[in-house]
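A.B. asks: Compute the structure for the input listed below.
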Amino acid sequence: MALDAKTGRELWSFYTVPAPGEPGSETWPPNNDVWKYGGGAVWTFPVVDRDLGLVYVQTGNAVPPWGGELRAGDNLYTCSVLALDLKTGKLRWYKQLLHHDIWEADVSTPLVLYDTSIGGRTRMVLAAMRTDGFLFLMDRATGEFLQRVEERAVKQDAQLKTSRTQPFPVGADRVGP
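C.D. replies: Alright, predicted model coming up:
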């Protein structure tokens, strides 16, 4: 097994969890190495937009899935949509749709790309659904939400180090149970 000299990661693996010092690493605990095993698996096929030169991937939950006490913080880039440059693989934008997931409500359904008219203007849309049934609509080029999304206070569990807020689309009905 070959290891990256800087991070100690296995070279053949695809990681969506940032190593210490990488952007987003501040959302993982600094006092342990759970980031090495932190999850963020890509569960379905990526979707490509050749015109924009982007490939979109959606990531799963953090691990251990119900062990939030081991991984304080929002745990980027789990439960997220990532837009990667098709040629370089560099991150162009991301949206985390669930912080510090302990409910298995990740983004594990296929992403949908489509064009539609919003306010008389054609928009290139990416639709992503959390497993709990909430649908998020984003501009494919910028990641801007196309409906209002608010961070709502949620019930806290000090032992599991839950996030104070979670993102919810405003005015949208929940599709799932």
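
A.B. asks: Next up, the contacts around Leu135.
C.D. replies: Contacts of Leu135 were listed using C-beta atoms under 8 Å, 6 or more residues apart in numbering, and they are Ala127, Ala128, Met129, Pro169, Ala172, Val175. In short, each C-beta sits where N, CA and C put it, glycine included.

A.B. asks: beta partners for it?
C.D. replies: Met129 (DSSP bridges).

A.B. asks: pLDDT at it, what is it?
C.D. replies: Predicted confidence (pLDDT) for Leu135: 93.

A.B. asks: looking at the protein, which residue ends up farthest from its center?
C.D. replies: The outermost residue of the chain relative to its centre, with distances by C-alpha atoms, centre = their mean, is Gly120 at 29.9 Å.

A.B. asks: and that residue, backbone torsions?
C.D. replies: As for Gly120, its main-chain torsions (degrees, to the nearest 10) stand at phi 80, psi 10.

A.B. asks: Could you identify the buried members of the contacts of Leu135?
C.D. replies: For those, a burial check counting by 16 or more other C-beta atoms under 10 Å picks out Ala127, Ala128, Met129, Pro169.

A.B. asks: May I see those residues organised as a markdown table, with distance to Glu22 added?
C.D. replies: Shown next, in a markdown table, are the buried ones among the contacts of Leu135 (distance: C-beta to C-beta, whole Å):
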| residue | distance to Glu22 |
| --- | --- |
| Ala127 | 29 |
| Ala128 | 23 |
| Met129 | 28 |
| Pro169 | 29 |
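
A.B. asks: from these, which is closest to Val149?
C.D. replies: Using C-beta to C-beta, Pro169 is the member of the buried ones among the contacts of Leu135 that lies nearest Val149, at 5.4 Å.

A.B. asks: all strands for the protein, in order.
C.D. replies: Remark: strands assigned in the chain by DSSP state E are 47-49, 54-58, 80-85, 91-96, 112-118, 121-129, 135-139, 149-153, 165-169.

A.B. asks: Thanks again, I'm all set now.
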